[in-house]
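Visitor: can you look at this prediction? I've put the sequence above it.
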Amino acid sequence: MPTLQTRLRLILEEQNIKQVDFARTVGVSANYINLLANGKKLNISLHLAKIIEDNYGYSRSWILSGKGEKLMSTTITPLRLKLMQKINQLNEKDLNSVLGFIQLLEEISHTI
């Protein structure tokens, strides 16, 4: 069974994301992620596992224990995961702009 260190490194590699960017997205310090990635911290909270699950689509059960399915759903494509990552890094003003754009797309699709 892979260790938390191995699982975290796999997530970072598969998402092609730096530790500092991952830390920012999940709301912890880059130092904390570094400790996990280097095996100096061996456990994370259920809360943090849920945040990773919500942002990247990896099952919290798999993150915590290495057991079960790695991904939450096969419907979360790499493109959707990348989009979620980008959205999670936006400030409130930019989030509102994205929401406005999506609403405009919905309106346009209903008129065609």
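Guide: It's in. Residues are numbered from 1 along each chain as shown.
Visitor: from here on, just use CA atoms for contacts and neighbour counts.
Guide: Will do.
Visitor: what is the least confident helix or strand in this protein?
Guide: Lowest by mean pLDDT, DSSP states H and E among the helices and strands of the chain is helix 78-88, with a mean of 84.
Visitor: so how far is that one off the chain centroid?
Guide: 8 Å (C-alpha atoms, centre = their mean, to the nearest Å).
Visitor: tell me the helix or strand right after it.
Guide: helix 92-111 (DSSP states H and E).
Visitor: what does that next one rub up against?
Guide: With contact meaning C-alpha atoms under 8 Å, 6 or more residues apart in numbering, helix 92-111 is reached by residue 87.
Visitor: show me what the mean pLDDT comes to for that helix.
Guide: Across helix 92-111, the average pLDDT comes to 90.
Visitor: just checking, what packs against the least confident helix or strand of the chain?
Guide: Judged by 3 or more C-alpha pairs under 8 Å, 6 or more residues apart in numbering; DSSP states H and E, helix 78-88 is in contact with helix 46-56.
Visitor: give me the contacts around the helix it packs on.
Guide: By C-alpha under 8 Å, 6+ apart, helix 46-56 touches 25-26, 58-61, 63-64, 72, 81, 84-85, 88.
Visitor: residue 42 and residue 88: what is the separation?
Guide: 26 Å (C-alpha to C-alpha, to the nearest Å).
Visitor: over to residue 79?
Guide: Taking C-alpha to C-alpha, one finds residue 79 at 14 Å from residue 88.
Visitor: tell me which of these two has more neighbours.
Guide: residue 88 (14 against 9; other C-alpha atoms under 10 Å).
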